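In: Predicted structure and sequence below. I'll ask about it afterward.
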Amino acid sequence: MTQMNSLRKQVLLVDDEERILTTSRLCLQGSGIDDVRTLSDSSKVLQYLAEEPVAVLVLDLHMPSPSGMELLPKIIHDHPHIPVIIVTADDEIETVVECVKTGAFDYLVKPVDSRRLVTCVGKALEMRNLSRELSDLTQRLLTDRLDHPEAFTAIVTGNKKMRAIFQYIEMVAVTRQPILITGETGAGKELIARAIHDLSGCSGEYVALNAAGLDDNMFSDTLFGHKKGAYTGADQSRDGLITRASGGTLFLDEIGDLNELSQVKLLRLLQEQEYYPVGSDFAKKSNARIVMATNRDLQGLIAAGKFRNDLYYRLCGHRIHLPSLRERLDDIPLLLDHFLGLVAERLNKKKPTPPPELAVLLSLYHFPGNVRELEALIFDAVVRHTSGILSMESFRAVIGDERLMAPPPTSADSVKDDDPLAAIFGHFPTVDEIEEYMIKEAMQLSGGNLGGASKLLGMGRQTLNKRLKG
Ligand SMILES: Nc1ncnc2c1ncn2[C@@H]1O[C@H](COP(=O)(O)OP(=O)(O)OP(=O)(O)O)[C@@H](O)[C@H]1O
C-alpha cells in the first residue's frame, strides 16, 4: 500500500539545463513532493516513461533534438494518463495554445516562478490521483472485490451500499488525504474512521477528539497544546493530541459544532499541515492524517452562516456518507443476531432466541439513534430476559410509543424521508400494500409455512390462503 502511494508521486523534470533541473527539484522537494527525478537528455524520455511509473511530467519545449514540441504528441499518445506540464519562453503564446490542444495539462513560463511550479505540479498530482482512484474504484465495483475484509470485521453488515463504501475506503485510506464521514448519530462513523486508520498503513497512533461543546480555547489547547506561560496555570508547555497522532490518524468527531475561530485553525491544518500551539508565534508542522465526522447538515450550516464555505470544500475531497439504519433494513436481522450474542456474552447469559416477528417489528421503526439505539434496545431486552424466546415487550414499549407519537402525514406526497414506511415502500403505502408486504415477510420468516405465517399475522389459516391466492 505504501509503495503504491509513493509511486503515485513520482515527478519527472526534463530540461537540457542541469541548473534549472536542480533548482526545480529542490523547490518541489522543499514543498513535500519528495520523489522528483530529472533527465537532461531528451532522447531518453520515451524510454524512461516506458520503464518508470511517472505520475507527472514537466517538459521543457526548447531542447536539442528531440525537442519538447516533438516529444509531446508521442507522450500524449503513448501515456495519456500522465499530465504533462510544458515549460516555454514567454513569447510563445501560440505554441502554448498548440500544446494545450495536443493535450498538455498546463504550462509554465520561463523563468519559472517557484510557487507557480509547486502549485501546478500539486494540481497535476491531485488530478492524477483522482483519475487513478476513479479507475481503481470502477475496477473494485466491477469485480466486487475487498482486498482487506479483516479491516471491517467490527462493522456488521450485508448491505450493498455499505460494501461499496468499504471498497471506496480501501482505495482512499492509503492516500493520506483528509476524509469527511457524514451520517446520522449512531450510524457507525467512528467504526469507519478506525477502519480507515487500520487500512492506512500508518504506523502512528489513532487519536480521537470529540469537538462537541468545546469552545475555541479548549479545542486549541487540547488539539494543539500550549507553550509554557500561555495562560495563568500553564506552568509547563504541553503537547496536544496532534503530536500524539503524529504519523498516525487524528479523528475529529462532531466538526459541525466547531466555532468560527476553530474552523479557521482546522482549515490551516488541512491546507498547510500547520498549527500554532496556544501562546506560540511559531507554526509547527503536522503529519497526522485527518479524518473528520459530523452528523450535522454542513450545507445547511453554511446557509445559516455557521460553517465556512472554504473549509467545507476543503473537507469534501474524500467524503463518505453512511446510510442510516432505516436505509439498510436488510442489516437489521444481522445486527440483531450480532448484538444478542454480544450482550448475552457480556451479561454471562445464554444467547436468547428472538421471536421471528421481532425483525419485522424492528424494520417498521425509524431508529433516530440508528445502530446505537438498536444495540441499547437489545441490551435492555436481554437484561430482562430470563429464559426461552426473547420477549417483544420492551421493543413494543419503545417502538409502539414512537409510532403513536409520529405525526400523521398530510398527504401521500408529504411523507418525510425518515418515515419508516416511506423507507420501505419509497412512498406512503396503501393498506393493501402494507398487507401484501406483511404477508410476504411472514411467509419468508416462517420458511413458507402457512400455519406459522398465519400465526405471525394473527389471521386465520384459510383467510391467509385466500389472500395468497387472490
Ligand atoms: N455496523 C455495525 N456493526 C456493529 N456495531 C455497530 C455498527 N454500526 C454501529 N455500531 C455500534 O453502534 C455504536 C455507535 O457507533 P459509532 O459511535 O461508530 O456511531 P457514530 O456515527 O460515530 O455516532 P455519533 O455521531 O453519535 O458519534 C457503537 O457502539 C458501535 O460499535
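Out: Everything's here; your move. Numbers count the residues shown, from 1 in each chain.

In: Every contact and neighbour count from this point should use C-alpha atoms.
Out: OK.

In: Next SSE downstream of the longest helix anywhere in the chain?
Out: Using DSSP state H to define each element, the chain has its longest helix at helix 114-143. The first helix or strand that comes after helix 114-143 along the chain, using DSSP states H and E, is helix 160-172.

In: now the angle between helix 114-143 and that next one, please.
Out: 140 degrees (axes from the mean of the first three to the mean of the last three C-alpha atoms, to 10 degrees).

In: Determine the set of other helices and strands touching the one helix or strand H338 maps to.
Out: Secondary structure from DSSP H and E places H338 in helix 332-346. Helix 332-346 makes packing contacts with helix 357-363, helix 370-384 when contacts are defined by 3 or more C-alpha pairs under 8 Å, 6 or more residues apart in numbering; DSSP states H and E.

In: name the element A293 belongs to?
Out: strand 289-294.

In: just checking, what packs against that strand?
Out: So strand 289-294, by 3+ C-alpha pairs under 8 Å, 6+ apart, packs with strand 179-182, helix 189-200, strand 249-253.

In: Let me know the average pLDDT across it.
Out: Averaging pLDDT along strand 289-294 gives 96.

In: Check stretch 95-108 too.
Out: On average, stretch 95-108 scores 89.

In: Now that stretch: buried residues?
Out: Within stretch 95-108, the residues that qualify as buried by neighbour count (16 or more other C-alpha atoms under 10 Å) are 96, 99-100, 103-108.

In: With stretch 282-296 instead?
Out: So, applying 16+ other C-alpha under 10 Å, buried residues of stretch 282-296: 286-296.

In: what residue lies at the spatial centre of this structure?
Out: What sits nearest the mean C-alpha location of the chain, by C-alpha atoms, centre = their mean, is I320, with 3.3 Å.

In: so that residue, which of the three states?
Out: With DSSP: H, G, I helix; E, B strand; the rest coil as the basis, I320 sits in strand.

In: hmm, back to that, report the distance from the helix holding H338 to the chain centre.
Out: 27 Å (C-alpha atoms, centre = their mean, to the nearest Å).

In: what's the answer for stretch 293-305, then?
Out: That offset, for stretch 293-305, works out to 17 Å (C-alpha atoms, centre = their mean).

In: For the ligand, tell me whether that stretch is touching it.
Out: Yes - against the ligand, stretch 293-305 shows contacts by C-alpha under 6 Å from any ligand atom at N295.

In: And for stretch 151-164?
Out: Yes - contact between stretch 151-164 and the ligand, assessed by C-alpha under 6 Å from any ligand atom, occurs at 154-157.

In: possible to save those as TSV with neighbour count, distance to G305 and pLDDT?
Out: Converted to TSV, these look like this (neighbours: other C-alpha atoms under 10 Å; distance: C-alpha to C-alpha, whole Å; pLDDT from 0 to 100):
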residue	neighbour count	distance to G305	pLDDT
A154	11	37	97
I155	14	35	98
V156	15	37	97
T157	18	37	96
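
In: closest to S363 among those residues?
Out: T157 (15.0 Å; C-alpha to C-alpha).

In: number of nearby residues for the nearest residue to the closest one once chain neighbours are set aside?
Out: Closest residue to T157 apart from its sequence neighbours, by C-alpha to C-alpha, 6 or more residues apart in numbering: D331 at 5.5 Å. Close neighbours of D331, defined as other C-alpha atoms under 10 Å, add up to 18.

In: Show me which residues of this protein sit near the ligand.
Out: So the chain meets the ligand at 154-157, 184-191, 295, 371-372 (C-alpha under 6 Å from any ligand atom).

In: Tell me the confidence at D90?
Out: At D90, pLDDT is 67.

In: This protein - how does it break down into domains?
Out: 2-135, 150-323, 327-429 (automatic domain parsing).

In: Out of these, which gets nearest to S454?
Out: Using C-alpha to C-alpha, the domains of the chain put domain 327-429 closest to S454, at 11.7 Å.

In: quick one: buried residues of the helix holding H338?
Out: For helix 332-346, by 16+ other C-alpha under 10 Å, it's 332-333, 335-336, 339-344.

In: Kindly reformat the residues you listed as a markdown table containing pLDDT.
Out: Supplementary listing: the buried residues of helix 332-346 in a markdown table, determined by pLDDT from 0 to 100:
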| residue | pLDDT |
| --- | --- |
| I332 | 95 |
| P333 | 93 |
| L335 | 96 |
| L336 | 95 |
| F339 | 97 |
| L340 | 95 |
| G341 | 95 |
| L342 | 96 |
| V343 | 95 |
| A344 | 94 |
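
In: among these, which two are most distant?
Out: I332 and A344 (17.7 Å).
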